[in-house]
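Chemist: structure for this input, please:
(2 chains)
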Amino acid sequence: MKIRFILLSLSLSLFFFDCKKEDIIDRNNPTTAIQNSGSLIFNVTDKVNGLELRSGNSKTVLGALRQNPFTVQNLAAAHRFLYNSSITTVPTTDLYVKFLPTTLDQINLLEKTDENFYDYPLEYAVDTMGDYYQDMQSLLSFPTLYAVVKSDFNFPQVPYQIIANLNLSKNDPLLLAESFRLTGNQSDIQSYIVGANGINIEDLDDDVQARIPPEPECPPGFHAVLYIDETTRPFTYTWECEPIPPSDPILNGCGCAVTQNRRHPGGCIRLDDTELSMPGFPNTFVPVRRVKIIIKDTWFTEDETMTNDNGCWQITKEYKGNAWMWIKFKSDRCKIRGAGEGVRAVWDWISAVKDYIGKLEGPAFNSIRVDYNRWTNQGSREHIYWGAATVNNAVHEFYEYAAQDGINAPKSGLDIYVDRNHANGAAYMSSQIWIADHLAAVLASQLTWIISVAFLPEVYIGIDFQNSDRQKRLAYHEIAHSSHYTQVGTLYWNELVEAEALALQLNINESHGNSNSHDAGRIALCESWADHIGNTYAHRSYPTTSFGGTFQALLESSWNESQDHIPIGLYNDLSDIGETLIGIGTISACNEDGSGCTLIDDQVSGFTIRQMYTCLTLDITNPEQFRQRLILNHLASTSNTEAQVNTLFNEY
Amino acid sequence: MILVSNGSCNKDCNDISSYIFELPVTLSPAKDTFNIGDTITITSTFSDVVFDRSTLKYFKLVDFKFYPEMRMREISDTATNEAALLNFEVLIDGSYNFVPFQYSDGVSLVGQYNYSNNKYQLEYKIIPTKAGLFYHSIFTLLFEFGKNQDFDGRCPHSKAGLDTYQKLNDGADNNVGFLLDSPEESWHFYYETKRESQFNRFGGYCFYVKE
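Modeler: The predicted model follows:
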């Protein structure tokens, strides 16, 4: 049986959770929260009541400066007062720190710590949480950043000041309440320490627990609640049997298990997939997989967890009073950067996309739903979130598809930048430094200058798509490059990036060049492979598409990207059973750029994705070498003849 | 009067992801039930001044390659037959480049519109040879194969792609409710969720064929 006690004194009035709260709709913030049947729902959309909003960032509004009850000094003072002790300090568990970065590199070092940084001083009350607090003088201004780090934190080479040594153990609620009282924060005690449903007895110090009388047996439907009157000396402990409150549903709207402890934050994150979902019906949305959830209370406590592959998340730690929630698009597999309109500082480009979801008004935290709707306004923050969530899911799907096919997953921790203004992509991988030295000016014509010069991502993905299937196809294409990169390494990839940058510089077919471009064979091989994987994996995710046909059929209709260059359809022809025309026909595949169609003589079948992938090694830099390697290594395991394979390659 | 856009790229380029050209298609006779041996005629004829549903403007598209594709599905059973075109006799005038094509997942008619005298034309006739419940659709691969084509007033390629909307029988119902008659439940979900984005957009038409 769950045991609680309720603090009676300190001029507090008791109240219990009333689930009939009024709906909360913040019209100034497109993220609207609705309290509904015990669930807190955040509907992330750039449309509110049919009105399209071009949303910008909102500024955090601070309230009064508060005296910090969590400092080791103030907690020690409370201990002396409450327990008549003589201690001068309590152990430091955490440090409240101010970082003062002055360079881009320092900003990047902070980002790599994976700590949560806030641009407002945490000892202030927050009247309204927003997306930023500090106004920047210019894009290259650097904010002062506040963080709570563990006492053994390994500080990066960034100027910092320790503002306070904290003890955040909260293992003695009575002591904490006393510290709140002594620091003038008594009005917070009820909501922050006691909470609507009281405190878990397990949270009390052993010394306190030893003084509590035995728990009584309560009749069915009732449970024991301990009341403490700390106005007496010694405190008075009284058990009472009270009705057990109704339990929450077992599963929430996403099918996630709902913890029965309402103070444990939990919920699910979902995404409107334009091909798999029904707009406006979140129950048809798809899970947002493996993104970071950050919950922070009104003082210094923050917790993180990840959504699982069903979009579900849970933090098994109690929260009381109010809290705030963020979603950060970062996991061990990828970090997704991106910025919407109204970029204020370089920080916005370097950090992982972080969505301030909203304020969580307790006492029920256990069923929080966030629904990312499809975007309407290009550049809105909802556009960035939809794009980041879609690309994020593509990464995790790629891992699964790659495992099915026996090819390498992309590089772990893949640094991805999503760009709201474009519908193309690039995989620079580890070429950032080399590019900065050689080709920054070229890329700057295509990319935001700071991205190209300072922090080029490993993978760049345009998110100016309004269809999930096409967005994912591009993402799979770029991730396929990353997978290929894991097999060929940096030097090989530098050569590819150089060839494509030169083609871009000469304005030849954007960056893919033509059959006469510098290192055209490498471009042809790498881009055609990524096209094949992009379409193949898009077909697995989307059997039906936004264009009426299928991605598989698109591959079967594809010849080269341009005349004699980038054989998109080759790999499918190597594996499928061959195209046939019914009746009289003259074409079976077309060049993607509209430069021509042909009837491909395809008598080849049976090569697997793994067999083809294993041929894409460091020494294979063009389709001809790929042909030779494929024949050498894998022809014998198929029923094809060398002549048939040669004929097919010659068709391209 | 039709106003043809001939201006340079303007602010609309920031607001659209794709042009969506509306291509009218007619299926006649527009019956809900055909008999085996009946002739069904599908025509798509339109001026080269084409309406774009994204910008709500008309654009002159000279000798554009749309890459149209027609797919016939039989949805009478729990498993959809994507090669249902094989249950039809197909009649296409020799002047058209529109031929049957066997994909790994089914059979389509593929090819191009004819363009002459500032007009696009495509016509094919189908004669059912087997009873069942069928779903006709026509779409294009313009977004992929024709994406580099230019026309007056086009935004940069990187800003706006090309797409089409095949408006069948001037946006009539086209027996969409027959999807609910299919024993394959995915078509019921499709009916609820994809009526506009798939069925209407891609020239959807459902009909029964009886002995």
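
Chemist: around the residue in chain B that chain A sits nearest to, count how many other residues there are.
Modeler: In chain B, the residue that lies nearest chain A is residue B:139 (2.7 Å; Cβ to the nearest Cβ). Every residue, glycine included, has its C-beta placed from N, CA and C. If you count neighbours by other Cβ atoms under 10 Å in any protein chain shown, residue B:139 ends up with 28.

Chemist: that one against residue A:546, yeah?
Modeler: No - here residue B:139 lies out of contact with residue A:546, judged by Cβ atoms under 8 Å, at a distance of 9.9 Å.

Chemist: by contact count, what packs against the helix or strand residue A:493 falls within?
Modeler: Here residue A:493 sits within helix A:468-505, counting by DSSP states H and E. In terms of contacts (3 or more Cβ pairs under 8 Å, 6 or more residues apart in numbering or on different chains; DSSP states H and E), helix A:468-505 is packed against helix A:381-405, strand A:425-427, helix A:432-438, helix A:440-444, strand A:459-462, helix A:520-541, helix A:609-614.

Chemist: which parts of it are buried?
Modeler: Neighbour counts using 16 or more other Cβ atoms under 10 Å in any protein chain shown place A:468-485, A:487-488, A:492-504 of helix A:468-505 among the buried residues.

Chemist: what's the angle from that helix to helix A:520-541?
Modeler: Orientation check (axes from the mean of the first three to the mean of the last three Cα atoms, to 10 degrees): helix A:468-505 against helix A:520-541 gives 170 degrees.

Chemist: can you give me the angle helix A:468-505 makes with helix A:381-405?
Modeler: Computed by the same axes, to 10 degrees, the angle separating helix A:468-505 from helix A:381-405 equals 90 degrees.

Chemist: could you give the bridge partners of the most centrally placed residue in chain B?
Modeler: Centroid-nearest residue in chain B: residue B:138, 2.7 Å away (criterion: Cα atoms, centre = their mean). Beta-bridge pairing for residue B:138 (DSSP bridges): residue B:70.

Chemist: which pLDDT value belongs to it?
Modeler: Residue B:138 is assigned 97 on the pLDDT scale.

Chemist: ok, so what distance separates the nearest residue to residue A:138 once chain neighbours are set aside from residue A:139?
Modeler: Closest residue in space to residue A:138, ignoring its immediate chain neighbours: residue A:345 at 7.9 Å, by Cβ to Cβ, 6 or more residues apart in numbering or on different chains. Taking Cβ to Cβ, to the nearest Å as the measure, residue A:345 falls 6 Å from residue A:139.

Chemist: if I look at the closest residue to chain B within chain A, how far off is residue B:143?
Modeler: At 2.7 Å from chain B, residue A:548 is the closest residue in chain A, using Cβ to the nearest Cβ. The gap separating residue A:548 from residue B:143 is 10 Å, by Cβ to Cβ.

Chemist: show me where chain B has helices.
Modeler: B:142-145, B:186-193 (DSSP state H).

Chemist: list of residues touching the longest one?
Modeler: Contacting residues not belonging to helix B:186-193 are listed as A:277-278, A:284, A:544, B:75, B:80, B:135, B:176-177, B:179-180, B:182, B:198-199 [Cβ atoms under 8 Å, 6 or more residues apart in numbering or on different chains].

Chemist: swap in the first one?
Modeler: The contact list for helix B:142-145 (Cβ under 8 Å, 6+ apart) reads A:470, A:547, A:554, A:557-558, A:590-594, B:18, B:21, B:64-67, B:161-164.

Chemist: recalculate using a threshold of 10 Å.
Modeler: A:467, A:470, A:535, A:546-549, A:551, A:554, A:557-559, A:568, A:589-595, A:597, B:18-21, B:23, B:64-68, B:149, B:161-164 (Cβ atoms under 10 Å, 6 or more residues apart in numbering or on different chains).

Chemist: which ones among these map onto strands?
Modeler: Cross-referencing the contacts of helix B:142-145 against strands under DSSP state E gives A:589-590, A:597, B:18-21, B:23, B:68, B:161-164.

Chemist: so where is the stretch 501-650 of chain A shaky, pLDDT-wise?
Modeler: Scanning the stretch 501-650 of chain A for pLDDT under 70 picks out A:508-509, A:578-587.

Chemist: cool, and chain B?
Modeler: In chain B, residues with pLDDT under 70: B:1-12, B:158.

Chemist: can you pull out the strands in it?
Modeler: In chain B, the segments counted as strands under DSSP E are B:18-28, B:33-35, B:40-47, B:49-52, B:57-60, B:68-74, B:88-91, B:97-103, B:106-112, B:114-116, B:119-128, B:132-140, B:161-168, B:205-210.

Chemist: what's the angle between the longest one and helix A:468-505?
Modeler: Read that as strand B:18-28. Using the same axes, to 10 degrees, strand B:18-28 lies at 130 degrees relative to helix A:468-505.

Chemist: show me what counts as buried in strand B:18-28.
Modeler: B:18-27.

Chemist: with the second one instead?
Modeler: Of the residues in strand B:33-35, those scored as buried under the neighbour-count criterion (16+ other Cβ under 10 Å) are residue B:34.

Chemist: contact partners of it?
Modeler: Here strand B:33-35 makes contact (Cβ under 10 Å, 6+ apart) with B:40, B:126-128, B:131, B:133-134, B:175, B:178, B:207-211.

Chemist: each with direction, which strands does that strand pair with?
Modeler: In the sheet, strand B:33-35 lines up with strand B:205-210 (parallel) (DSSP bridges).

Chemist: which of the contacts of strand B:33-35 are buried? Put it as a ChimeraX command.
Modeler: To isolate in ChimeraX the members of those that are buried, counting by 16+ other Cβ under 10 Å, one can use:
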select /B:40,126,128,131,133,134,175,178,207,208,209
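
Chemist: now residue A:237, what are its backbone angles?
Modeler: Per-residue torsions, residue A:237: phi -110, psi 120 (degrees, to the nearest 10).

Chemist: correct me if wrong: it contacts residue A:208.
Modeler: Yes - contact criterion Cβ atoms under 10 Å: residue A:237 and residue A:208 qualify, at 9.2 Å.

Chemist: residue A:345 and residue A:139: which has the busier surroundings?
Modeler: Set residue A:345 next to residue A:139 and count neighbours by other Cβ under 10 Å: residue A:345 wins out with 21 against 14.

Chemist: so the more buried one, which state does it fall into?
Modeler: With DSSP: H, G, I helix; E, B strand; the rest coil as the basis, residue A:345 sits in coil.

Chemist: now do the same for the nearest residue to residue A:195 once chain neighbours are set aside: its pLDDT.
Modeler: Excluding its sequence neighbours, the residue lying closest to residue A:195 (Cβ to Cβ, 6+ apart) is residue A:320, at 3.5 Å. In this model, residue A:320 is scored at 86, pLDDT.

Chemist: likewise residue A:451?
Modeler: At residue A:451, the pLDDT value in this model is 55.

Chemist: and residue A:358, by the same measure?
Modeler: Here the pLDDT value assigned to residue A:358 is 87.

Chemist: residue A:35 too?
Modeler: With respect to pLDDT, residue A:35 has a value of 57.

Chemist: residue A:117 now?
Modeler: pLDDT recorded at residue A:117 is 95.

Chemist: would you confirm that it contacts residue A:134?
Modeler: No - Residue A:117 is beyond contact range of residue A:134, at 11.6 Å (criterion: Cβ under 10 Å).
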